[in-house]
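K.L.:
have a look at this prediction, sequence included:
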2 protein chains.
Amino acid sequence: MTSADASAAPLPPDSEPGYLAAVTDLLGALAYGELCAFSQLAKDAELAPTLRHKSAIAQLAAHELRNFTVLSERLASLGVEPETAMEPFVPAVDAFHERTAPSDWLEGMVKAYVGEGIAQDFYREVSTYVDADTRALVLQVLEDDSQADFAVTAVREAIAEDHRLAGRLALWGRRLVGEAITQAQRVGVERDALASILVGAPGRPGADLAELGRMFARLTDEHTRRMERLGLSA
Amino acid sequence: MTSADASAAPLPPDSEPGYLAAVTDLLGALAYGELCAFSQLAKDAELAPTLRHKSAIAQLAAHELRNFTVLSERLASLGVEPETAMEPFVPAVDAFHERTAPSDWLEGMVKAYVGEGIAQDFYREVSTYVDADTRALVLQVLEDDSQADFAVTAVREAIAEDHRLAGRLALWGRRLVGEAITQAQRVGVERDALASILVGAPGRPGADLAELGRMFARLTDEHTRRMERLGLSA
């Protein structure tokens, strides 16, 4: 089975009964995240300083929506209503966005790069514990880097013009990560099925505590690297 | 030349010198309208009552952005920067949207159907006066009816549940048309090149006064028909 077929493949026949719930949670959380990323980028587009930036950011928004569509179709092919799969993640994802509403388009670009980046790294880590077809689909959705390149260029150019921005945007980056961790913990506590992918379930091995520790170290390292790429201290 | 080639075809070789400016205005106005329709629908999606409505409206937004992309590419193939072509229409289109910001998602749906509908009818009328390739492109962009069907169903269902909505939404529909006419007049006065498509220019015939009168009658009739389809009095 190649990744091109991943969106229509059934789950492995030997999956234990809780596995469909776990994959549903993973795809539902990702799908709602993409739908909200669409909304957020559409709003960022309106704040953009030129028509050129506005249309470029609108295209990024449309890309998130295509990812949302892929994930919804995969959920439907597993016999799950996409809305039902997304519903449990609405409070946490909405809370994250309400608490991190960008006050200008540059904060929006830092959020698109740093906030999306840490979420994508996290899902990429989680995907190592799921079946090959689900993993291929998740990696396909996470693959695109056009958003990252656009955001990095925009933020670096703005800082080159006005160095004082660096301090404010660095603080903003820290706040984004803090809120992301808060909401991720909330999801981890509330959603046993999603947590079971990482920590394991009867008949399904997960990560041990040492591996989880290494995972968080990798997430932190990648976050620091992204902040540096923006020209910001983490 | 079929409509499939319209986006790359040159203007007719016998075009008079002002014709490129006229087509640039037409495509620029349409493109900025589509970009703003994207933003508006993305905002409407956020106000939607369910995740199902939210994702359906987000897909409508993405459709507007695809139209924007087609128009931008056509402008580029004519050697015109899309941003330059759109710029003259920013004040009028922005003013329209600022004065008709929906207060809930149903007002957004009426706006998507009634406001877009009258604009589309107008551009369809204008397109009868341009060359065949430009006309094919404009009609291709205006062709889609999925937005209309979704909006009509949503509004009719809401009125069936709460009859009092009909009065408020009918008033809203009238306000939308009033603002659309105000801003269209402003554009007509400010943009000679665009106006020349309708009223003609040296070497290029336009509509006479009787034909313009019939055109406005057709626009009014179609508007009334749309309001009726929504279950609203015009």
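P.N.:
All right, it came through fine.
K.L.:
would you check how far apart the nearest residue to A:Gly200 once chain neighbours are set aside and A:Glu125 are?
P.N.:
In this structure, A:Gly200 finds its nearest non-sequential neighbour in A:Gly206, 2.8 Å apart by C-beta to C-beta, 6 or more residues apart in numbering or on different chains. Just so you know, the C-beta spots here come from the backbone N, C-alpha and C atoms, and that holds for glycine as well. Taking C-beta to C-beta, to the nearest Å as the measure, A:Gly206 falls 12 Å from A:Glu125.
K.L.:
returning to that earlier point: A:Tyr129 is in contact with the residue nearest to A:Gly200, correct?
P.N.:
Yes. In this structure, A:Gly206 is within contact of A:Tyr129 by C-beta atoms under 8 Å, at 6.2 Å.
K.L.:
these two - which one has more neighbours?
P.N.:
Shown here are A:Gly206 and A:Tyr129; by other C-beta atoms under 10 Å in any protein chain shown, A:Tyr129 has more neighbours (19 against 14).
K.L.:
just checking, that one touches A:Ala195?
P.N.:
No. Between A:Tyr129 and A:Ala195 there is no contact under C-beta under 8 Å: 11.2 Å.
K.L.:
the residue in chain A that chain B sits nearest to: neighbour count?
P.N.:
Nearest residue of chain A to chain B (C-beta to the nearest C-beta) works out as A:Ala42 at 3.3 Å. Neighbourhood size, A:Ala42 [other C-beta under 10 Å]: 28.
K.L.:
any idea how far the helix or strand containing it is from the chain center?
P.N.:
A:Ala42 is part of helix A:19-47 when elements are defined by DSSP states H and E. In this view, helix A:19-47 has its centroid 7 Å away from the chain centroid, taken as C-alpha atoms, centre = their mean, to the nearest Å.
K.L.:
how about that helix: buried residues?
P.N.:
If you call a residue buried by 16 or more other C-beta atoms under 10 Å in any protein chain shown, then helix A:19-47 has these buried ones: A:19, A:21-47.
K.L.:
go on, stretch A:149-164?
P.N.:
Neighbour-count burial for stretch A:149-164, counted by 16+ other C-beta under 10 Å, picks out A:Phe150, A:Ala151, A:Val152, A:Ala154, A:Val155, A:Ala158, A:Ile159.
K.L.:
ok so the third one is a strand residue?
P.N.:
So the one you mean is A:Val152. No. Per DSSP: H, G, I helix; E, B strand; the rest coil, A:Val152 lies outside any strand segment and is helix.
K.L.:
which residue is the nearest non-sequential neighbour of it?
P.N.:
That would be A:Arg229: by C-beta to C-beta, 6+ apart, it lies 5.5 Å from A:Val152.
K.L.:
the one you found and A:Ala151 touch, don't they?
P.N.:
No. A:Arg229 is beyond contact range of A:Ala151, at 9.6 Å (criterion: C-beta under 8 Å).
K.L.:
where in chain A is pLDDT low?
P.N.:
Residue ranges of chain A with pLDDT under 70: A:1-8, A:144-145.
K.L.:
quick check: residues of it near chain B?
P.N.:
Residues of chain A lying near chain B by C-beta under 8 Å from any C-beta of the partner chain: A:32, A:35, A:38-39, A:42-43, A:45-46, A:50-52, A:54-55, A:58-59, A:61-62, A:65-66, A:68-69, A:72, A:82-83, A:86-87, A:90.
K.L.:
just the buried residues of these.
P.N.:
Buried by 16+ other C-beta under 10 Å: A:32, A:35, A:38-39, A:42-43, A:45-46, A:51, A:54-55, A:58-59, A:61-62, A:65, A:68-69, A:72, A:82-83, A:86, out of the residues of chain A next to chain B.
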